[in-house]
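[1] Structure of the sequence below:
(one chain, ligands or ions: 1)
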Amino acid sequence: MKLVPILTLAALLFSTSISATELEPFPVQKIANNTYVIHGPLEQPNKTNKGFMNNPGFVVTKTGVVVIDPGSSVQVGRMLLTQIRTVTKKPVTHVLNTHIHGDHWLGNQAFSEAFPQVVIMAHPDMIRRAKAGEAEQWVSIMSKATEGESDGTRAVIPNKAITDKQILKIDGVQFRIHAPKKAHSFTDIMIEVIEESVVFLGDNVLYKRLPRMGDGTFKGNATACQLAIDLNAKMYVPGHGPSGDKNIITPFMNYLKIIYREVGKNYEAGMTDFEMKPNVIAKLQDYVNWSGFKQQVGKHISLAVLEYEADSF
Ligand SMILES: [Zn+2]
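    Coordinates of the predicted model:
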C-alpha cells in the first residue's frame, strides 16, 4: 500500500531535481488546515543558502494548490515544488507574488515549467516595473550574491494583475487582496486567506530581520502593519522570519515608528543623519540582534531623514 506514494515521490524527485545547484529541502510547516509555509534562512542571500531567504507558502484547495512567493531562484522554486509533493499531488493552479523584490518571485520559473497553464498574479505596478527592467536586475543581483548558484534562473513575470480589495475565489477558497499604497515597495499586496484566517504579509512585516527600505516609506509601512493587525487573523506569515499571531507584527511596526519619530526629533535639533545615528540607535536596543541590523540601520536613518524632510514641506 505504501509503495506507490514512495515510488511517485521518487519519480518526482528525479524529474524535478537537476544539477549541482540543487537546494537541500527545507522543512514544511503546517500553519492552518490547508496552509503550509517553508520558513527560509534569515541571512542575506549567499553561496551556501543559494539565495533562499524568504517564506514561500502554499494553500491546498479542493483540486489544486495556490503558491505564494516561491523564492529567489528556479532552484528554490524546484525545492518548494518537491516539498509541496510531500503534502499533496494536486497541480499548482496559481502563484501569487507579494511584490517586486526578486527574492520573493524568481522561483516562478519552476512552476511555469511544471504547470504551463499556471496563472501568476501580482500588483499591476509590480508587473510594470518587472517588465521595465527590474526583473533582469534581480536575476543579476541574485547571481552575484550567490556566486552563480542561482544561475539558470530566468524571470517569469506574473501574467495577471490583482488589485486592492479584490477577492479571488479559487476552487472554494477566498483570497482577499490588501494593497497598501506606500508601504514596503509601492508594489505590495498582502494576501488574506479568509477560510484559513491566515495573512501573508509580504515584506510589509518582517520578524527578527530588517528589510531594505530604499523602495518604501516608514510612515506608509507602519500604516500597513496596523492594517494587518486590524484584520484580526489567527496566523500571520511575514516576508522573512517566523510566523505567528498578530504579536509578530508589533515589533516591526514599532521599529518603523521609532526610527521616524527619533529621526524627526534629531532633525529638528539641527543634526545630520550621521550625527544623530548614536541617538537613534540608543532607542533601538530591542532590535540590535535582529538579522541585518548593523547593515541596515544607518541606511534606514538616512532614508528616514529624506522622508521626514519631504513630509515637512
Ligand atoms: Zn522586499
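[2] For the protein, which helix or strand comes out least confident on mean pLDDT?
    Within the chain, no helix or strand scores below helix 3-16, which has a mean of 48 by mean pLDDT, DSSP states H and E.
[3] partner strands of the following helix or strand past that helix, parallel or antiparallel?
    Using DSSP states H and E, the helix or strand that follows helix 3-16 towards the C-terminus is strand 29-32. With DSSP bridges as the test, strand 29-32 is paired with strand 35-37 (antiparallel).
[4] Look at the residue in the stretch 151-300 of the chain positioned nearest to the ion and report its pLDDT.
    Going by Cβ to the ion, the ion is nearest to Asp203 of the stretch 151-300 of the chain, at 3.5 Å. To be clear about C-beta, it is placed using only N, CA and C from the backbone, and glycine gets the same treatment. For Asp203, the model assigns a pLDDT of 98.
[5] distance of whichever residue of the stretch 1-150 of the chain sits closest to the ion from Phe111?
    The nearest approach of the stretch 1-150 of the chain to the ion comes at His101, 3.4 Å away (Cβ to the ion). Distance of His101 to Phe111, computed by Cβ to Cβ, to the nearest Å: 18 Å.
[6] And Asn159, by the same measure?
    12 Å.
[7] Please identify which of the two sits among more neighbours.
    Each of Asn159 and Phe111 has its neighbours counted (other Cβ atoms under 10 Å); Phe111 has more, 26 against 14.
[8] what about the helices in the stretch 101-250 of the chain?
    108-114, 124-129, 135-145, 218-230, 250-268 (DSSP state H, counting those that start in this stretch).
[9] so Lys299 makes contact with Asp215?
    No: Lys299 is beyond contact range of Asp215, at 12.0 Å (criterion: Cβ atoms under 8 Å).
[10] More neighbours: these two, which one.
    Per other Cβ under 10 Å, whichever of Lys299 and Asp215 has more neighbours is Asp215, with 19 against 14.
[11] Would you enumerate the residues in contact with the more buried one?
    By Cβ atoms under 8 Å, 6 or more residues apart in numbering, the contact set of Asp215 is Ile100, His101, His184, Ser185, Phe186.
[12] In these, which residue is surrounded by the most others?
    Neighbour max across those (other Cβ under 10 Å) = His184, 28 neighbours.
[13] wait, what's in contact with it?
    Counted by Cβ under 8 Å, 6+ apart, His184 has contacts His99, Gly202, Asp203, Asn204, Pro211, Met213, Asp215, Gly216, Asn221, Ala224, Gly239.
[14] measure the second one to Glu192 for me?
    Pointing back at Gly202 there. 12 Å.
[15] just the last one next, same as before
    Separation of Gly239 from Glu192 (Cβ to Cβ): 15 Å.
[16] Identify the residue nearest the residue most central in space within the chain in space, chain neighbours excluded?
    The centre of the chain sits closest to Gly239, judged by Cα atoms, centre = their mean, with a distance of 3.5 Å. With Cβ to Cβ, 6 or more residues apart in numbering as the criterion, Gly239 has its nearest non-adjacent residue at 3.6 Å, and that residue is Asp203.
[17] quick one, domains of the protein?
    According to automatic domain parsing, the chain comprises the domains 3-223+234-246, 249-313.
[18] picking that back up, closest one to Gly264 out of the contacts of Asp215, please.
    His184 (20.6 Å; Cβ to Cβ).
[19] Contacts only, for the nearest residue to Glu309 once chain neighbours are set aside.
    Spatial nearest neighbour of Glu309, excluding adjacent residues (Cβ to Cβ, 6+ apart): Tyr267 at 7.2 Å. Counting by Cβ under 8 Å, 6+ apart, Tyr267 touches Met276, Val305, Tyr308, Glu309.
[20] Kindly recompute the last result at 10 Å.
    Tyr267 makes contact with Asp273, Met276, Ala304, Val305, Tyr308, Glu309, Ser312, according to Cβ atoms under 10 Å, 6 or more residues apart in numbering.
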